[in-house]
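Q: Test case, fold it:
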Amino acid sequence: MKEKIFGIGLSRTGTTTLNHVLNQWGFNTIHYPNQNELWSIHNDGATDIPVIPVYKELDKKFPNSKFIYTIRDKEEWLNSIVPYLERKRNWTAMNNSPQVITRKKVFGTDFPNRFEAEVAWDRHEADVKNYFTNRDNLCIINIVNGDSPKKLADFLGVDTDMKEFLNLNQLKKK
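A: Below is the predicted model of the structure:
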């Protein structure tokens with residue numbers, strides 16, 4: 001089975017930037033995939049929270065795949081994710097939309113408050129670190145707060161002269 005790359009960071013941890021860089025480097029990864037894209041053999045992987053509830057199953061289905069856990073300062077993340085999801089409250093009026101179902105799986109609720117988001121962060125971080133103990137197919141990277149693209153490139157075996165990551169979500173706001 002084909003090796004893949006999966007981004008298993010929570011939304012607002014650099015997942016958009018990660019996917020953009022992977023695509024720039026020639027990988028056909030899907031940002032925020034639907035279920036068909038997530039399990040397809042016709043792409044190189046996927047990023048963002050639809051991957052989180054099933055990353056262990058993806059690891060089994062696609063042996064030797066690489067996993068990238070994007071992180072950032074937790075307080076900054078909480079200050080970003082809660083208002084971000086709250087702004088989506090009116091966009092996702094359907095209770096059973098794929099986005100809402102995924103958020104319920106990851107956060108335990110469709111629109112988490114600060115406490116619920118922090119609990120989800122801590123649970124996910126502990127789960128990832130425990131699952132990948134004594135394995136070499138996980139890269140933990142802080143795109144938002146300044147880790148170098150070289151760290152990611154070395155993990156993936158990519159030759160690049162990229163010096164820093166662009167924050168694509170910051171650029172969208174301007």
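
Q: ok, now which ones touch Pro149?
A: Val21, Thr160, Met162, Lys163, Glu164, Phe165 (CB atoms under 8 Å, 6 or more residues apart in numbering). Backbone N, C-alpha and C define where each C-beta goes, glycine included.

Q: show me what contacts the second one?
A: Spelled out, it's Thr160. Here Thr160 is in contact with Trp25, Pro149, Lys150, Ala153 (criterion: CB under 8 Å, 6+ apart).

Q: redo that, cut-off 10 Å
A: Counting by CB atoms under 10 Å, 6 or more residues apart in numbering, Thr160 touches Val21, Gln24, Trp25, Pro149, Lys150, Leu152, Ala153, Asp154.

Q: do the same with the fifth one
A: Neighbouring residues of Glu164 by CB under 10 Å, 6+ apart: Ile143, Gly146, Asp147, Ser148, Pro149.

Q: Secondary structure class of the third one, three-state.
A: For Asp147, the secondary-structure state derived from DSSP: H, G, I helix; E, B strand; the rest coil is coil.

Q: where's the closest residue to Asp110 other than its chain neighbours, which helix or strand?
A: Nearest in space to Asp110, with sequence neighbours left out and distances taken as CB to CB, 6 or more residues apart in numbering, is Val100 at 4.7 Å. Element membership for Val100 (DSSP states H and E) is helix 98-107.

Q: What is the burial count for Val144?
A: 22 (other CB atoms under 10 Å).

Q: lowest confidence element among the helices and strands of the protein?
A: Using mean pLDDT, DSSP states H and E, the weakest-scoring helix or strand in the chain turns out to be helix 168-173, at a mean of 56.

Q: ok, back up a step: and the contacts of Thr160, which two are the farthest apart?
A: The two members of those with the most space between them (CB to CB) are Gln24 and Asp154, at 16.2 Å.

Q: who does the lengthiest helix in the chain touch, helix- and strand-wise?
A: If each helix of the chain is counted by residues according to DSSP state H, the longest one is helix 114-131. Counting contacts by 3 or more CB pairs under 10 Å, 6 or more residues apart in numbering; DSSP states H and E, helix 114-131 packs against helix 55-61, strand 66-70, helix 74-87, helix 98-107, strand 138-141.

Q: could you give the angle of that helix to helix 74-87?
A: 120 degrees (axes from the mean of the first three to the mean of the last three CA atoms, to 10 degrees).

Q: okay, helix 114-131 in CSV with CA atoms only?
A: What follows is helix 114-131, C-alpha atoms only, in CSV (Å, rounded to 0.1, in the frame of the first residue of the first chain):
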residue,chain,number,x,y,z
ARG,A,114,-12.6,27.7,26.0
PHE,A,115,-12.6,25.0,28.7
GLU,A,116,-13.9,22.3,26.2
ALA,A,117,-11.3,23.3,23.6
GLU,A,118,-8.5,23.1,26.2
VAL,A,119,-9.6,19.6,27.3
ALA,A,120,-9.7,18.5,23.6
TRP,A,121,-6.2,20.0,23.1
ASP,A,122,-4.8,18.2,26.1
ARG,A,123,-6.5,14.9,25.2
HIS,A,124,-5.3,15.0,21.6
GLU,A,125,-1.7,15.9,22.5
ALA,A,126,-1.5,13.1,25.1
ASP,A,127,-3.0,10.6,22.6
VAL,A,128,-0.6,11.6,19.8
LYS,A,129,2.5,11.4,22.0
ASN,A,130,1.4,8.1,23.5
TYR,A,131,0.5,6.5,20.2
